[in-house]
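Novice: Return a 3D structure for these sequence lines:
(3 chains)
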Amino acid sequence: MSNSKDVVKPFDSEHDYEGGLAVIDKDAIKNPGMEPHRERMTDKSEKHEKAAARQVTALFVFSMIASAFSIYAYFAFPLSNITMGQVRLSTLLIGAGISFGMLAIGIGAVHWAKTLMVDNEVSEARHQTRGSEEVRARAVEIINLANQESGFSRRKLIRRTLYGAIALFPLPGIVLFADLGPLGSNVEEKLRHTAWAKGTRLAKDPYGTPIKASDVTIGSVFHVIPETLRERNDDGTLNSEYLNEKAKAAVLLVRVEPSVLNPSPGREKWAYDGIVAYSKICTHVGCPVALYEQHTHHLLCPCHQSTFDLANECAVIFGPASRPLPQLPIAVDSEGYLVAQSDFNEPVGPSFWER
Amino acid sequence: MSNATAKAKKGGFLAGTANYLDERVGVAGILKEFGRKVFPDHWSFMLGEVALYSFLVLLLSGTFLTFWFQPAMTPVIYDGVYGPLKGASMSVAYASTLDISFEVRGGLLFRQIHHWSALLFVASAGLHMLRVFFTGAFRKPREINWVVGFGLFVLGMAGGFTGYSLPDDLLSGNGLRIIDGMIKGVPWIGSYISSLLFGGEFPGESIVARLYSLHIMIVPALILVFVAIHLFTVVIHKHTHYSGPGRRDDNVVGYPLMPVYVAKAGGFFFIVFGVIALVAANVTINPVWNYGGYDPSPVSAGTQPDWYIGWLDGALRLAPTHLEFVIGHNTLSMNILLPLVVGILFSVLVAAYPFFEAWVTGDKREHHVLDRPRNAPTRTAIGVAGMTFYAVLWAGAATDLLATNFKLSLNQVLSTMQIMLIVLPILGYIITKRTCLSLQRKDREIVLHGRETGRIIRMPHGEYIEVHEPLEEFEAWKLIDFKDYAPTLARPNAKGKITIRARIRSGFSKFYFEDRVAPVNALELKAAHDHKEIH
Amino acid sequence: MAIKRNKNNARRSPYAAILVILAGLLVSGGGYAAANAVVSAKSETPYSAQDIKTGNQLFLANCASCHGRNAEGTKAAPSLIGVGAASVDFQVSTGRMPGAASGPQLMDKPAQFTEQQIKQLAAYVASLAPGPAVPTSNLDPTAGNSTRGGELFRINCAMCHNAVGAGGALTEGKWAASLREASPKEIYEAMLTGPQNMPVFNDANLTPKDKQDIISYLTYVQNNPSAGGDELANLGPVAEGLFAWIFMLGGIVAITIWLGAKSN
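Specialist: Below you'll find the model as predicted:
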């Protein structure tokens, strides 16, 4: 603002001045030094001091009561046949006890510090982080001495082989992790295939009831898995392979007026009388694209809002996905059940490099 | 107190213990060094403490949970007390999470304490970072500590993600599905990394146990190491302080560690724990029993990550359509890579900012007196722009909830956010910089002419003037004490050449300091006072 | 009555209901009416000729301007022939019909007709062509299996309505309604008729037992508030994050200000 200070510092002067572009004003106002100490009410009046002391004590006593209450609350609810309402109450009461026990200690301690402890501000000198010239000289001397005594600079071969050894020694440790999961061409192969095959019946998710074409009325949506997916172990638990296969094979089955569909050449026979089946796994990052709008024929992914147009072979019309959802070619078998004509004709789910 | 001395001489318990410890670990020396160490008092200096204390609460509550949690994905039939899942097949991990919630007394409370403190840990670390940024506390000699703190924020995100994926419920399972999809989008190595991480195909039976190792061993150990470095550096540097009377770059003004800070900071730990416990006792977080066990087919509306992962999820949502390219036989998923690159680039810019600003100003002095944000207008404006960018990405993760709760179109919300991601940071920059400069001018006015009192008086010759109340010296100092920088010109070097580096640096120095308001100096103040006397 | 019967079926064997449907389908041969054979064929019509006549008058006065004088549909609104009594009952009793203003979706609001009038309207529309009937017995929300219902709900419904029925967003300003206040009858009718953009879940897709189970699950989550405390409207991590920032961190910052302030 004032002319005396509008100095433009040339770049090359930085060697002379460690402040860089900082403007040094010889007329700068000087730091006035510390403000005088102001007394608090508790310093001035004994009444206030005593009141504050009582408050702190009361808080600490309250803390003890709250902690004891928390233990009482713990034992107040039995473990057997506990209801959700009891869990709620147990959580609330134990938590309230712990919380007030802690809050009262904290508030009491701070109140003590603020009102009763001496509150004179103290100034402490701060030293530059860098060592003094003396210290730095000694450090350099130590390094040189170490170098001299070990011959680190002199013995080039030792030094370089040491670097090599240090660079290589962690590698075995990294390689050991290769067994975390299978590698090799098998990985991509698995991504390309699902549990669908020619003749596999379409079945309802999750209980595996096969679906007849006549069950699928216009406007319906069925969540579908291959009937062959063996869901349960003998003890009734889910088969562990089941989820891996389901993660690729989940399908959405929808019936619309056949005139709504616009199949591209070669895909006319993939639908059956307006019934179409599409992979439910988003081609973006793999969420289940399961939100079907009956009248717009749009499918929406709830995770990142990619929108697919069922009338146009599930082409992407909005959102971050790029590829249409893969279509499962379907037909009807002799008993009227919907079956797959084949596996998907392309990998389902998120794109990968080798796709 | 003579009484106390007498006691010590007699060899009271306290004196005895102190003596025992001193003779073995030299506790007297430690106390002499640190006992009266000075800490400046300001509310904003406690934000890092909130993060530290939430981390302690995380360690305590997390340890409690490990005694019951079983990180296995083996399927079991649930036979617990929660009705709508009785008889369902689920993983051991999910079942044990339900058991902790309903069949361990205080288990649900501690799950909620753990999860709430995780949210608070990252939130307070973020707010602490903002405080450090906007006050310029990252300047020399604290650049490295800024990077360490940034590392802690990232580790907090990692700890959170590995933690909330452990219950193997539908919500977190879909989160892992998204991570799997993102990994697969990485060129060349994607499908192999995914195979290694999940132990084969997604979801497999390994991921929960692996995340568990990371969550309870590696991430907390790294956080502890980083916290140790972070605090050790604070001890070396001593804490910064705000400008004020008597505060200089070569001192630190505040209260001594013992007793004031032991009481205040120690008490504050209990307060933070108390607040977390109070919230955990009253507000549900991550009700996993609502989501069901993980199954790749279903998904729930409103599938979102915890808040600190939100900005990355938002970046995924805001990527434009059709960014995937087929090159020969390969697929390049730019719809995944673009958000990843944006996220990484943004993080690198945040981590590297102190070094960049130091290069532009060329200031190699140590700075221990903090800037008021207005006194570094360009930095503050850059900070606001960055914050806005982050906030739009963050809000991007809630597009569906914004649409339903404000009765908007999901599609319009998303498209608007794509525009806002570019426009708002620029607007934020301009508005902030202008606001800062105006505030600085106002400060100058106040220092030179005093505060407006609203009292109008009539002078003998008929003129009306408002009485200005002059500032006290101590009060004025806060408005005067800041560092002023001027832009530089690109000058030739010793060889007579103007290097590109010099040109770029000169350009940035103009960008930073072309519009500037200098602090009031003694001459100006005197002139202003003299001028007033003429009146 | 229909529901009760199917409950009996369920007691005999969980698959009995499906067999009945399949049998019904074989007899009647596909199509909309067929899918609802189990429900509509077995429930005797509860409407009198007087109901239908009064319903027609109500229809002409309140609905015909959009749906056409014979419910044949116009550009403004779809045909109601064959939508059935269940559809009318759902739309009118939840106040979605008559629609208030044009928008991406009809809002629910207090019903504009009495129960008697709704019954008469339903009678009229049901008389036009066979369609899904209003469930005539009381749906017992505690009778179903809530575990099974939960599984079915997550697979068929949660992607739009959220895992506990808090609702969610659809495209272009549409949304899936919250089910937190929905009655068993409304839920049943919505599944059966697929109002607005909701797909139809006919009795072959979700059998009456499936529907009963889903209703049991929803009733459970409606009646049992979270064991953890306030649910934050069941909006999930976004609401949790906002709560952590605004109330937790906000509260703690307020405390730090007290902590850093000089005492008087």
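Novice: Quick one: the strands in chain A, in order.
Specialist: For chain A, the strands defined by DSSP state E occupy A:9-10, A:122-125, A:202-204, A:221-226, A:251-255, A:275-279, A:291-292, A:298-300, A:307-309, A:315-318, A:327-328, A:330-332, A:338-340.
Novice: how about those strands, which one is nearest residue A:132?
Specialist: strand A:122-125 (14.3 Å; Cβ to Cβ). For the C-beta atoms, the positions are set from N, CA and C on the backbone; glycine is no exception.
Novice: one step back: reformat the strands of chain A as CSV; add mean pLDDT.
Specialist: Below are the strands of chain A laid out as CSV (pLDDT from 0 to 100):
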stretch, mean pLDDT
strand A:9-10, 46
strand A:122-125, 91
strand A:202-204, 94
strand A:221-226, 94
strand A:251-255, 95
strand A:275-279, 96
strand A:291-292, 92
strand A:298-300, 94
strand A:307-309, 95
strand A:315-318, 94
strand A:327-328, 96
strand A:330-332, 95
strand A:338-340, 96
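Novice: and of those strands, who's closest to residue B:179?
Specialist: Closest to residue B:179 of the strands of chain A, according to Cβ to Cβ: strand A:275-279, at 19.9 Å.
Novice: what about that closest one, near chain C?
Specialist: No. Strand A:275-279 is not in contact with chain C by Cβ under 8 Å from any Cβ of the partner chain; minimum separation 11.3 Å.
Novice: Now do that strand and strand A:221-226, the angle between them.
Specialist: Angle of strand A:275-279 versus strand A:221-226, following axes from the mean of the first three to the mean of the last three Cα atoms, to 10 degrees, is 60 degrees.
Novice: Next, the distance between the ends of stretch A:21-32.
Specialist: Counting by Cα to Cα, to the nearest Å, you get 26 Å between the two ends of stretch A:21-32.
Novice: Could you give me the buried positions within that stretch?
Specialist: A:21, A:22, A:23, A:25, A:28, A:29, A:31, A:32 (16 or more other Cβ atoms under 10 Å in any protein chain shown).
Novice: okay, now the domains of chain C?
Specialist: C:2-43+C:134-223, C:49-128 (automatic domain parsing).
Novice: Return the residues of the stretch 151-300 of chain B in contact with chain C.
Specialist: The stretch 151-300 of chain B comes close to chain C at residues B:170-171, B:264, B:268, B:271-272, B:275-276, B:279, B:281-287, B:289-292, B:295, B:297-300, as judged by Cβ under 8 Å from any Cβ.
Novice: so what's residue 72 closest to, chain neighbours aside?
Specialist: No chain specified, so I'll use chain A. Leaving out its chain neighbours, the residue that sits closest to residue A:72 by Cβ to Cβ, 6 or more residues apart in numbering or on different chains is residue A:97, at 7.7 Å.
Novice: sorry, should have said chain C
Specialist: residue C:79 (5.3 Å).
Novice: swap in residue B:56?
Specialist: Leaving aside its sequence neighbours, residue B:56 sits nearest to residue B:269 (Cβ to Cβ, 6+ apart; 7.1 Å).
Novice: Check residue A:295 too.
Specialist: Of all residues not flanking residue A:295 in the chain, residue C:197 sits nearest, at 5.4 Å (Cβ to Cβ, 6+ apart).
Novice: Quick check, pLDDT for that neighbour.
Specialist: On pLDDT, residue C:197 comes in at 89.
Novice: ok, it - contacts?
Specialist: Contact analysis of residue C:197 by Cβ atoms under 8 Å, 6 or more residues apart in numbering or on different chains lists A:293, A:294, A:295, A:296, C:105, C:170, C:174.
Novice: three-state assignment of it?
Specialist: Three-state call for residue C:197 (DSSP: H, G, I helix; E, B strand; the rest coil): coil.
Novice: Look up phi and psi at it.
Specialist: Dihedral pair for residue C:197: phi -90, psi 0, per degrees, to the nearest 10.
Novice: show me the contacts for the spatially most central residue of chain A.
Specialist: Centroid-nearest residue in chain A, with Cα atoms, centre = their mean: residue A:303, separated by 13.6 Å. Applying Cβ under 8 Å, 6+ apart to residue A:303 gives the contacts A:282, A:284, A:285, A:287, B:174, B:178, B:299, B:303.
Novice: Give me the subset of those that lies in helices.
Specialist: Using DSSP state H, the subset of these located in helices is B:174, B:178.
Novice: so which of the contacts of residue A:303 is the most crowded?
Specialist: Neighbour tally across the contacts of residue A:303 (other Cβ atoms under 10 Å in any protein chain shown): the maximum, 32 neighbours, falls on residue A:284.
Novice: correct me, but that one touches residue A:304?
Specialist: Yes. Using Cβ atoms under 8 Å, residue A:284 is in contact with residue A:304, at 5.8 Å.
Novice: overlap in contacts of those two?
Specialist: Common contact partners of residue A:284 and residue A:304 (Cβ under 8 Å, 6+ apart): A:319, A:320, A:321, B:316.
Novice: for residue A:31, what are its contacts?
Specialist: For residue A:31, the contacting residues are B:245, B:246, B:247, B:248, B:477, B:481, by Cβ under 8 Å, 6+ apart.
Novice: Can you lay out the residues you listed as CSV showing neighbour count, pLDDT and distance to residue C:186?
Specialist: As requested, the contacts of residue A:31 are exported to CSV (neighbours: other Cβ atoms under 10 Å in any protein chain shown; pLDDT from 0 to 100; distance: Cβ to Cβ, whole Å):
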residue, neighbour count, pLDDT, distance to residue C:186
B:245, 19, 91, 70
B:246, 16, 91, 71
B:247, 25, 93, 67
B:248, 17, 91, 72
B:477, 22, 92, 69
B:481, 22, 91, 68
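Novice: Show me how chain A divides into domains.
Specialist: Taking automatic domain parsing as the criterion, chain A consists of the domains A:41-115, A:133-176, A:192-340.
Novice: does chain B sit close to the second one?
Specialist: When you say that, I think you mean domain A:133-176. No. Judged by Cβ under 8 Å from any Cβ, domain A:133-176 stays clear of chain B, getting no closer than 11.5 Å.
Novice: end to end, how far does that domain reach?
Specialist: Start-to-end span of domain A:133-176 (Cα to Cα) is 49 Å.
Novice: same question, stretch B:64-77
Specialist: 25 Å.
Novice: Briefly note if it comes near chain A.
Specialist: Yes. With Cβ under 8 Å from any Cβ as the measure, stretch B:64-77 is seen reaching chain A through B:73, B:74, B:75, B:76, B:77.
Novice: Pick the one among those residues closest to chain C.
Specialist: Nearest to chain C out of the residues of stretch B:64-77 next to chain A is residue B:77 (Cβ to the nearest Cβ; 10.4 Å).
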